[in-house]
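>>> Quick one, fold the following:
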Amino acid sequence: MPTPIDFYTILPLLFLAAWALLVLLADLFIPETKKSYTAVLAAAGLVISGGLILAQSGRSSAGFGGMVVLDGFSNTLSFLFVLSGLAAVALAYDYLKRNQAQRGEYYTLLLFSICGMLLMAGAHDLIVVFLALELLSIPLYVLAGFFRPNLASEEAALKYFLLGAFSSAFMLFGIAWVYGASGATEFTAIMNAVQYGTANPLLLLAGSGLVLVGFGFKIGVFPFHAWVPDVYHGSPSSIGAFMTVATKAAGFAGLLRVFILIFPTLAPAVSPVLWVLASASMIYGNITAISQKNVKRMLAYSSIANAGYILMAFVPYGNVLVARESISSALFYLLAYALTGFTAWAVMIAIEPAGSEGLQLQDFSGLGRSHPWLGAALLLSMLSFTGVPLTMGFWGKFYLFKTAVDGGYIDLAFVGLLTSLVSAYYYLRLIMYAYFKPGEPQVQPGDLASFTAVLMAAGILLLSFVPNGIFQMASQLIGGMK
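From the prediction side, this is the model:
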């Protein structure tokens, strides 16, 4: 029988799941012309969930036989997921109205996807990891095709669903191999089997490889990236922004906890594979982004490159001297990437007309002069993406590179540095259009996307002054990782 401590461990998740059902029922009685009420309800639920997460900060517990845990790592990422959900609701509020797609199920599906992310943050069992991946992914398959009968949106949903199911099969097969090797799926039991030598090392290695492939699809690293450009391009922009940040963070949440806790002894075999994946993602994502004229696709390839950067911190995960630094630098960069990514997407949504399948580079011409605040937000986000000194993105890459160097992977840090220089071309090119090309883009009706862009840009600017404090806070929060 579940105990109160079991429910306390997943309290924000339980609340948000119940609230999502409440939103679903309430939406039945909300008129078609008042669907904005559904958005407000969804945002209220996320705010309360965020409050519950903050109330649990500094505490740790395990529930349901150790299958889920509450610790600093889960709390930090859970709060990031809730904030990402609030940003996604804000971006969708006017965007859906503009595209005549104000249907209440959008917000319900978004809440259920965030529930899966909260479960992933605290997952301490491979079966729970799989359930969390499916719970966060299935609503996104539907949301990617939310603009039906738009062909691009339907194509995005179909591609995402097929490749997502394909990756889930890899993940489930890998879990089966790990179970066959250790006789358990709960992390502590697997760690004990490895420690006492009762686990079969070859089966464990095969299982870890398949699990890595499953996570590779979710975080969109090369060569498991095939779905990323088309899905981001065809999906509603508000969902593209959410997937860019939250889905990637959720995938890394599972990847970090699984490999650092139960596969550290496999690091000599796994780290070279991670080195190749990180390098290939940084090189391919940045070089391919150069040729993109559609800004959605450019940001999609940029997300592949950024997955490579985050993975770079994870390569030396088997080195006990830098394991904690590895997680801290990854969390720091995820925060920097979340703020930067949402800023860029919010600027794009603010000027994207109804029925558009993504803006071209020339559509940003003159933005800096005609709309100074949006232009400044775009400028700050592109500088942060590039890693220009003293921006949030610069400090994020600094800690990633430092982790790689401290772990003995100077060559990988060098690849990251060179590809960052390559990325400057296409990021700064967008700034050039916004400030040095003639034009006058129109801000679409509704101020919420513009407000979100400016707010996120302000976050980038303010946090750029206290990078060391944020990094130390991240290090303390994950100190009790179970």
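
>>> What's the local residue count around the residue lying closest to Asp447 once chain neighbours are set aside?
Spatial nearest neighbour of Asp447, chain neighbours left out: Asp94 (7.7 Å); criterion: CB to CB, 6 or more residues apart in numbering. Placement of C-beta: from N, CA and C, glycine included. The number of residues packed around Asp94, counting by other CB atoms under 10 Å, is 21.

>>> Then Leu126?
Leu126 has 27 neighbours, counted by other CB under 10 Å.

>>> Test my guess that it contacts Ala189.
No - here Leu126 does not reach Ala189: they are 10.4 Å apart, not a contact under CB atoms under 8 Å.

>>> Mind telling me what element Gly45 is part of?
With the criterion set as DSSP states H and E, the secondary-structure element containing Gly45 is helix 36-55.

>>> hmm, I was thinking of Ala184
Secondary structure from DSSP H and E places Ala184 outside every helix and strand.

>>> show me what contacts it?
Residues near Ala184 by CB atoms under 8 Å, 6 or more residues apart in numbering: Ile190, Ala193.

>>> go with 6 Å
If a contact means CB atoms under 6 Å, 6 or more residues apart in numbering, then Ala184 has Ile190 as its contacts.

>>> Tell me the predicted confidence for it.
pLDDT recorded at Ala184 is 84.

>>> Same question for Trp19.
pLDDT recorded at Trp19 is 92.

>>> Then the one 10 residues further on?
Model confidence at Phe29, expressed as pLDDT, equals 85.

>>> which SS class is it?
Secondary structure assignment for Phe29 (DSSP: H, G, I helix; E, B strand; the rest coil): coil.

>>> what's around it, how many residues?
For Phe29, the neighbour count with other CB under 10 Å is 8.

>>> Ile431 and Ser381 touch, don't they?
No - with contacts counted by CB atoms under 6 Å, Ile431 stays clear of Ser381, the gap being 9.7 Å.

>>> quick one, strands of the protein?
Listed from the start of the chain, the chain has strands (DSSP state E) covering 61-63, 68-70.

>>> can you tell which of those strands is closest to Ala44?
Checking those against Ala44 by CB to CB gives strand 68-70 as the closest, at 23.5 Å.

>>> what does the closest one rub up against?
Strand 68-70 is contacted from outside by Thr9, Ile10, Ser60, Ser61, Ala62, Gly122, His124, Lys482, using CB under 6 Å, 6+ apart.

>>> With neighbour count and pLDDT as extra columns, can I get those in JSON lines?
As requested, the contacts of strand 68-70 are arranged in JSON lines below (neighbours: other CB atoms under 10 Å; pLDDT from 0 to 100):
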{"residue": "Thr9", "neighbour count": "27", "pLDDT": "80"}
{"residue": "Ile10", "neighbour count": "23", "pLDDT": "82"}
{"residue": "Ser60", "neighbour count": "16", "pLDDT": "78"}
{"residue": "Ser61", "neighbour count": "16", "pLDDT": "80"}
{"residue": "Ala62", "neighbour count": "18", "pLDDT": "80"}
{"residue": "Gly122", "neighbour count": "28", "pLDDT": "87"}
{"residue": "His124", "neighbour count": "27", "pLDDT": "88"}
{"residue": "Lys482", "neighbour count": "18", "pLDDT": "55"}
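
>>> hang on, the earlier thing: list the buried residues in the helix holding Gly45.
Buried positions in helix 36-55, judged by neighbour count with 16 or more other CB atoms under 10 Å: Thr38, Ala39, Leu41, Ala42, Ala43, Gly45, Leu46, Ser49, Gly50, Leu52, Ile53.

>>> what's the neighbour count on the nearest residue to the fourth one once chain neighbours are set aside?
Counting by CB to CB, 6+ apart, Tyr107 is the residue found nearest to Ala42 once chain neighbours are left out, at 3.8 Å. Here the number of neighbours of Tyr107 (other CB under 10 Å) works out to 28.

>>> Please name the residues that touch Tyr107.
Shown in contact with Tyr107 (CB under 6 Å, 6+ apart): Thr38, Ala39, Ala42.

>>> per-residue confidence at the last one?
The reference is to Ala42. 90.

>>> Over to the first one?
According to the per-residue confidence, Thr38 scores 87 in pLDDT.

>>> Can you give me every residue that contacts it?
Contacts here follow CB under 6 Å, 6+ apart; on that basis Thr38 touches Asp27, Ile30, Gly104, Tyr107.

>>> swap the cut-off to 10 Å and go again
Listed by CB atoms under 10 Å, 6 or more residues apart in numbering, the contact set of Thr38 reads 23-24, 26-27, 30, 89, 102-108.

>>> Can you tell me which of these are buried?
Counted by 16+ other CB under 10 Å, the contacts of Thr38 give Val23, Leu24, Asp27, Val89, Gln102, Gly104, Tyr106, Tyr107, Thr108 as buried.

>>> Next, the contact list for the spatially closest residue to Ala344 that is not a sequence neighbour, please.
In this structure, Ala344 finds its nearest non-sequential neighbour in Ser381, 4.4 Å apart by CB to CB, 6+ apart. The contact partners of Ser381, by CB under 10 Å, 6+ apart, come to 339-347, 391-393, 427, 430-431, 453, 456-457, 460.

>>> how about 6 Å then?
Contacts for Ser381 were tallied using CB under 6 Å, 6+ apart; they are Thr340, Thr343, Ala344.
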